[in-house]
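Asks: what follows is a predicted protein model with its sequence.
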Amino acid sequence: MAGKDKTADMKSAYDLALERLERQGIEKPRDEGLAPELRAKIADLRSQSEAKLAELEILHRDNLARLADPAERARAKEEYAAERRRVEARRDRDIERLRSRS
């Protein structure tokens, strides 16, 4: 089945919260008010997270290519989605922790 992987379109809890705020007419927090060194730390956290997510994606696709059993493929997809959520949640917590210290 040639289609887009639904897990690639998953959004982090932070992104979903920002969308809810925007629907309510509340502006999302901007990084412009943050100190340059804090912005750099946040950018570094995001970069590390994106690298980890890319690594997970590559490993997940490689794993799926080796699995023929539909039940095993479903389990692998669930594990991938859970790991992806964990990485995104950690990134969001770390960024929020940095912002709250400023």
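Replies: Thanks, I have the structure now. Residues are numbered from 1 along each chain as shown.

Asks: okay, CA-based contacts and neighbour counts for the rest of this
Replies: Will do.

Asks: okay, the most centrally placed residue in the chain: pLDDT?
Replies: Of all residues in the chain, the one closest to the mean position by C-alpha atoms, centre = their mean is Glu88, 3.5 Å from it. Note on Glu88: pLDDT of 92.

Asks: please tell me how far it sits from Gly33.
Replies: Distance, Glu88 to Gly33, by C-alpha to C-alpha, to the nearest Å: 23 Å.

Asks: could you pull out the strands for the protein?
Replies: Taking DSSP state E, the chain contains no strands at all.

Asks: just the helices in it please.
Replies: 13-23, 36-66, 70-101 (DSSP state H).

Asks: so how far is the last one off the chain centroid?
Replies: Looking back up the chat, that one is helix 70-101. Using C-alpha atoms, centre = their mean, to the nearest Å, the mean C-alpha position of helix 70-101 is found 6 Å from that of the whole chain.

Asks: could I get the buried residue list for it?
Replies: Arg73, Ala76, Lys77, Tyr80, Ala81, Arg84, Arg85, Val87, Glu88, Arg91, Asp92, Ile95 (16 or more other C-alpha atoms under 10 Å).

Asks: give the other helices and strands that that helix contacts.
Replies: helix 13-23, helix 36-66 (3 or more C-alpha pairs under 8 Å, 6 or more residues apart in numbering; DSSP states H and E).

Asks: turn these into TSV, including mean pLDDT, mean neighbour count and distance to Ser100.
Replies: TSV is the format used below for these (pLDDT from 0 to 100; neighbours: other C-alpha atoms under 10 Å; distance: least, C-alpha to C-alpha, whole Å):
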stretch	mean pLDDT	mean neighbour count	distance to Ser100
helix 13-23	78	13	15
helix 36-66	93	14	11
